[in-house]
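Asks: how would this look folded up:
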Amino acid sequence: MAPKRLTGKERADLQFSSDRIQSTTAENELAASMAYERPQTLYGDKDGKLVPLEEGFGSCKTHDKWVLGSQSFKTMTTKQLKTFKKGIMGNLTPNCGGRSLSRVLLNDVSSQWNDTVAFIDSFFQDLTETAHFPKSKAWKLVGQCCAAIFDAMEPYRAVVSQIEDLSLLTSKAKFLWCVLQCHRVMKEFIAKDFRGHPQMVKQISLFMINERVDPVAFGKLEDKVTAQAVTIDGLEKQVALLKRTVGNYENLRKDIVDLQKTMKNKKDK
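Replies: Numbering: from 1, shown residues only. This next block holds a predicted model:
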């Protein structure tokens, strides 16, 4: 989906290769993308290699990079998607048999992306503000959960990635069927508000098992317990001192009463 910035020769080579095998460049690009484990736009490093899933979004390491500024990942990825959609539709002639279906599927992709963005933003907010996750941990969990979408699509994407001759009618039918299945999977995530989907629940559970309690938060809790113990010990000492003081006061009061009685008896005599 990201712009390739091809030279004229590179573009001509791609077109020539597509003509030789009687397929379009778009078909070849889509078939190749189906072999990706996760999209490099979000999950790749600066060298274009996928980062381990435990790191979440490798390219976008913080939520601030996702949301802040005119060059944020959310803004740029949305812009790339719109440009990609316009490019596809611009190459479909009015009499093209698949134009209507292509328009419907591309509109679905835009809608699905908007739903995904809304999930990313709301889930991160819930994790940090309601569940009090550290921002770094919350952002990694969001990245891992989004990767679950591609795991759920993998059985259908794998079929497309292994099609060798796209010129055959059976291959095109298989290609279309797998693409429609990916759309169906995505709609299942949306219907369950993403976080209710079994694949999401699995990722959240694995994250909680691996991360458990944040060590920093646990250390702070230990410090609070120690401070409370010191406070309680100090209060107990003060109570003991107060008891001794009260006891001394009672003894003094008794002595005064006895002295008053003795003096009264002497006076009466």
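
Asks: alpha carbons only for contacts and neighbour counts from here, please
Replies: Fine.

Asks: Could you measure from residue 143 over to residue 53?
Replies: 8 Å (Cα to Cα, to the nearest Å).

Asks: So between these two, which is more surrounded?
Replies: Neighbour count, other Cα atoms under 10 Å: between residue 143 and residue 53, residue 143 has more, with 22 against 16.

Asks: List phi and psi for the closest residue to the more buried one other than its chain neighbours.
Replies: Distance criterion Cα to Cα, 6 or more residues apart in numbering; nearest residue to residue 143, sequence neighbours excluded, is residue 56 at 4.1 Å. Per-residue torsions, residue 56: phi 70, psi -140 (degrees, to the nearest 10).

Asks: I'd say residue 56 and residue 140 touch.
Replies: Yes. Between residue 56 and residue 140 there is a contact under Cα atoms under 8 Å: 4.5 Å.

Asks: show me what contacts residue 150?
Replies: 37, 38 (Cα atoms under 8 Å, 6 or more residues apart in numbering).

Asks: Please repeat the previous calculation with a cut-off of 7 Å.
Replies: By Cα atoms under 7 Å, 6 or more residues apart in numbering, residue 150 lies in contact with residue 38.

Asks: Can you point out the helix or strand that includes it?
Replies: Assigning secondary structure by DSSP states H and E places residue 150 in helix 135-161.

Asks: what's the distance between the residue sitting nearest the centre point of the chain and residue 73?
Replies: Geometric centre of the chain, nearest residue: residue 142, 0.5 Å, by Cα atoms, centre = their mean. Between residue 142 and residue 73 the distance is 14 Å, computed by Cα to Cα.

Asks: care to break this protein down by domain?
Replies: For the chain, the structural domains run 8-212, 217-269, going by automatic domain parsing.

Asks: hey, which of the ones you listed is tucked in deepest?
Replies: domain 8-212 (a mean of 16; mean count of other Cα atoms under 10 Å).

Asks: How far does that one sit from its chain's centre?
Replies: In terms of Cα atoms, centre = their mean, to the nearest Å, the centre of domain 8-212 is set 14 Å apart from its chain centre.

Asks: mind checking which helix or strand the nearest residue to residue 115 once chain neighbours are set aside is in?
Replies: Leaving out its chain neighbours, the residue that sits closest to residue 115 by Cα to Cα, 6+ apart is residue 190, at 7.0 Å. Using DSSP H and E, residue 190 falls within helix 169-191.

Asks: Going by contacts, tell me the helices and strands next to that helix.
Replies: Applying 3 or more Cα pairs under 7 Å, 6 or more residues apart in numbering; DSSP states H and E, one finds that helix 169-191 contacts helix 135-161.

Asks: go again using 10 Å as the cut-off
Replies: helix 25-33, helix 99-125, helix 135-161, helix 198-211 (3 or more Cα pairs under 10 Å, 6 or more residues apart in numbering; DSSP states H and E).

Asks: how about a markdown table for these, with distance to residue 231 added?
Replies: What follows is these, written out as a markdown table (distance: least, Cα to Cα, whole Å):
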| stretch | distance to residue 231 |
| --- | --- |
| helix 25-33 | 62 |
| helix 99-125 | 36 |
| helix 135-161 | 32 |
| helix 198-211 | 32 |
